[in-house]
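Asker: Using only what follows, build the 3D model:
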Amino acid sequence: DVYKRQGINAEYGGSAKHTFPGFLCESIENVIKEGLSDTNVTYSIIRPGVVLAKDEGALPMMKLPMMLGWSGQIGSGEQPFPWIHIDDMVNMYVHCIENQVKGPVNGVAPEIVTSKEFASCLKKATGQSVWTVPDFAAKLMFQDRHILLTEGSRINPTRALNTGFKFQHPTLQEALNDIFKKA
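Answerer: Just a heads-up that it's a prediction; the model follows:
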């Protein structure tokens, strides 16, 4: 998470170097930029949100909490939950290569939701009960990655949209319905 917590962040928005994920992302991006600065190579740096897929990404990690009745809302539920369907993530990589999109691209869906809204959509898609996952449980389950779920940033896929990328799954409810119908 390379973004500040306030406002909606586009690719060239503020920085969150004070967090480990923010520091790590900016460090990796700087190494890429420095390594390619004297070349004619066009490169994209895709900054993915929480990738949603049936057997990969965040949803499989949520299976145990769902079986225990802890599914969905994390902590207060008011924090942003930047997400993207796996099909859109893959298509975004292809789009960036085919269109020679240079620099950072936010790999998130255009619909900005909160953790509470994510929980509500997950309940509709799965029929599971939704309970609050306490912050401490998220820290135990997701370790260093918990900050992405317990704090979150409001992120917009500005560059993807401005370069003509079309999302197959622009809304969270539709994306989750698609994922769980593939069961």
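Asker: where exactly do the helices run in this protein?
Answerer: When assigned using DSSP state H, the helices of the chain occupy the ranges 20-36, 58-61, 63-67, 86-98, 115-126, 135-142, 146-150, 158-162, 172-181.
Asker: quick one: average pLDDT of the fourth one?
Answerer: Summarised as a single mean, pLDDT over helix 86-98 is 97.
Asker: Which other helices and strands does that helix contact?
Answerer: Helix 86-98 is packed against strand 44-48, strand 50-52, strand 103-107, with contacts defined by 3 or more CB pairs under 8 Å, 6 or more residues apart in numbering; DSSP states H and E. All C-beta atoms are positioned from the backbone trio N, CA, C, and that covers glycine.
Asker: can you redo those as TSV with mean neighbour count and distance to residue 129?
Answerer: Output for those, formatted as TSV (neighbours: other CB atoms under 10 Å; distance: least, CB to CB, whole Å):
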stretch	mean neighbour count	distance to residue 129
strand 44-48	18	29
strand 50-52	21	20
strand 103-107	22	30
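Asker: nearest to residue 114, of those?
Answerer: strand 50-52 (12.7 Å; CB to CB).
Asker: how about the most centrally placed residue in the chain, what does it touch?
Answerer: Computing the C-alpha centroid of the chain and ranking residues by CA atoms, centre = their mean puts residue 49 first, at 1.4 Å. Taking CB atoms under 8 Å, 6 or more residues apart in numbering, we find residue 49 in contact with 82-84, 106-109, 155.
Asker: Tell me which two of these sit farthest apart.
Answerer: Spatially, the most separated pair among the contacts of residue 49 is 83 and 106, at 11.6 Å (CB to CB).
Asker: Low-confidence ranges, this structure, go.
Answerer: Counting by pLDDT under 70, the chain shows low-confidence ranges at 1-10, 12-21, 63-72, 182-183.
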